[in-house]
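1. show me the folded form of this:
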Amino acid sequence: MRIVSLAEIQAAIVPEAAVEAVKAGFVAHAKGLVHCPEPTQIVFRDEGQEQHGECHVKSATWSGNPYVAVKIASGSYRNAARGLPGAGGMVLLISADTGLPVALLHDECWLTNVRTAAAGALAAGLKPVAKDATLGVIGTGTQAEMQAEMICAHLGLSSVAVWGRSGEKAAALGGRLRAGGLTATPMDTVHEVCHASAILVTTTPATSPVVQLEDVPGTLHIVAVGADTPGKTELDPRILGRAHTIVTDAHQECLSNSDFGAAVRAGEIAEDCDVSFGEMLALAEPDPRMAEDGISVVDLTGMGVQDLAIASMTLEALGD
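-> All right, here's what the predicted structure looks like:
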């Protein structure tokens, strides 16, 4: 079995190729070519039952793909104070023919971050916006930075508005984005970011809504990626109640884990009101609803097919 290091993986990944690989995975899933077993989510809690970390195990098979993928991503919010990485992980690729392990991609959670940002870029791209539009980012961590970079690259945007609970971290993120060639402005409130933006991406591990309905202007396209385990929620359920279109990557997981499910349980929306992300991406022409004024929400919890898509692309790029 081949063991692939993070350095090898990073050298093999081209961001836009990652976006296209992830898109192909979502479309294949919408066509019934992919099987994603129910993910396993292990929450780490201390003696007082406070959540401080989690472990996700996701997997997938894809008709025509030579591999089966099993991905593990884990970490603790407390690691930064310990001088440790916030997250770690790996992807195991198994031969879909023999059932034998082929490669272990020791990506230290980097592939998970890339495939999540790639999905965010695709979700942001469902809404047509002008090149001078601003992307709003809620959060200041690794995923906030990667979402900003990948969405802007994918859509040709250059302006970013940032908010985080820590003004210091928001300023630091703004500095890193500016160093990468973007115009990034930290803002004092979520309300300011929402009203400055055409697209908003939320990337926090919040367990109570960070974005309230009162923060949101009449028209805003929201991509929610932070709420991926039970108990997490970033959006006021009323926001989804006002949305003209709600898109989910995995209906059942979103119903259980994310802002979509929280809005259903709050009685704001029906549990069958969502549209499949893969089906949206498979359309020959953009869905006309996405060009309408008003609020639209794409709720992403992450799917094993994303891990299979990006890991198999990586191994193919590395060659023998």
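
2. going by C-alpha atoms from here, please, whenever you check contacts or count neighbours.
-> OK.

3. next up, phi/psi of the residue lying closest to Arg78 once chain neighbours are set aside, please.
-> Once flanking residues are discounted, Arg78 sits nearest to His52: 6.6 Å by CA to CA, 6 or more residues apart in numbering. When read as degrees, to the nearest 10, the backbone of His52 gives phi -130, psi 0.

4. domains in the protein, by residue range?
-> Domain ranges of the chain: 2-111+305-318, 120-302, per automatic domain parsing.

5. okay, those domains, which one's buried deepest?
-> Ranked by mean neighbour count, these are led by domain 120-302 with a mean of 20 (mean count of other CA atoms under 10 Å).

6. want to throw the domains of the chain into JSON lines with mean pLDDT?
-> Below are these laid out as JSON lines (pLDDT from 0 to 100):
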{"stretch": "domain 2-111+305-318", "mean pLDDT": "94"}
{"stretch": "domain 120-302", "mean pLDDT": "96"}
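
7. and the helix or strand that Val223 is a member of, what does it pack onto?
-> Element membership for Val223, per DSSP states H and E: strand 220-224. Here strand 220-224 touches helix 110-124, strand 199-202, strand 295-299, going by 3 or more CA pairs under 8 Å, 6 or more residues apart in numbering; DSSP states H and E.

8. contacts for that strand, please.
-> Applying CA atoms under 8 Å, 6 or more residues apart in numbering, the contact partners of strand 220-224 are 120, 123-124, 127, 194, 197-203, 234-235, 259, 293-300.

9. let's see 7 Å
-> Residues from elsewhere that reach strand 220-224 (CA atoms under 7 Å, 6 or more residues apart in numbering): 120, 123-124, 127, 198-203, 294-300.

10. okay, now the sheet partners of that strand, with direction.
-> strand 199-202 (parallel), strand 295-299 (parallel) (DSSP bridges).

11. only alpha carbons, please: show the first one as PDB.
-> C-alpha atoms of strand 199-202 as PDB (Å, rounded to 0.1, in the frame of the first residue of the first chain):
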ATOM      1  CA  ILE A 199     -22.700  36.100  -1.500                       C
ATOM      2  CA  LEU A 200     -22.200  35.100   2.100                       C
ATOM      3  CA  VAL A 201     -20.300  32.000   3.300                       C
ATOM      4  CA  THR A 202     -20.500  30.900   6.900                       C
END
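
12. Tyr77 is in contact with the residue nearest to Arg78, correct?
-> Yes. Counting by CA atoms under 7 Å, His52 touches Tyr77, with 5.5 Å between them.

13. give me the phi and psi angles of Lys23.
-> phi -60, psi -50.

14. from here on, call the first residue 780.
-> Let's use 780 as the start, then, which means that last one is Lys802.

15. for it, give me its contacts.
-> So Lys802 contacts nothing (CA under 7 Å, 6+ apart).

16. now it: how far from His808?
-> Per CA to CA, to the nearest Å, Lys802 is found 10 Å from His808.

17. sorry, back to before: so which elements touch the following helix or strand past the strand holding Val1002?
-> With elements assigned by DSSP H and E, the helix or strand that comes after strand 999-1003 is helix 1016-1021. Counting contacts by 3 or more CA pairs under 7 Å, 6 or more residues apart in numbering; DSSP states H and E, helix 1016-1021 is packed against helix 1038-1044.

18. list the contacts of the helix or strand just after the helix it packs on.
-> Downstream of helix 1038-1044, the first helix or strand assigned by DSSP H and E is strand 1054-1055. Here strand 1054-1055 makes contact (CA under 7 Å, 6+ apart) with Ile1025, Val1026, Thr1027, Asp1028.

19. may I have the helix or strand that comes right after strand 1054-1055 exported as PDB, CA atoms only?
-> From strand 1054-1055 onward toward the C-terminus, using DSSP H and E, the following helix or strand is helix 1056-1061. C-alpha atoms of helix 1056-1061 as PDB (Å, rounded to 0.1, in the frame of the first residue of the first chain):
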ATOM      1  CA  PHE A1056     -27.200  20.300  -5.000                       C
ATOM      2  CA  GLY A1057     -26.100  17.600  -7.400                       C
ATOM      3  CA  GLU A1058     -29.200  18.000  -9.600                       C
ATOM      4  CA  MET A1059     -28.600  21.800  -9.700                       C
ATOM      5  CA  LEU A1060     -25.000  21.300 -10.800                       C
ATOM      6  CA  ALA A1061     -26.100  18.800 -13.500                       C
END
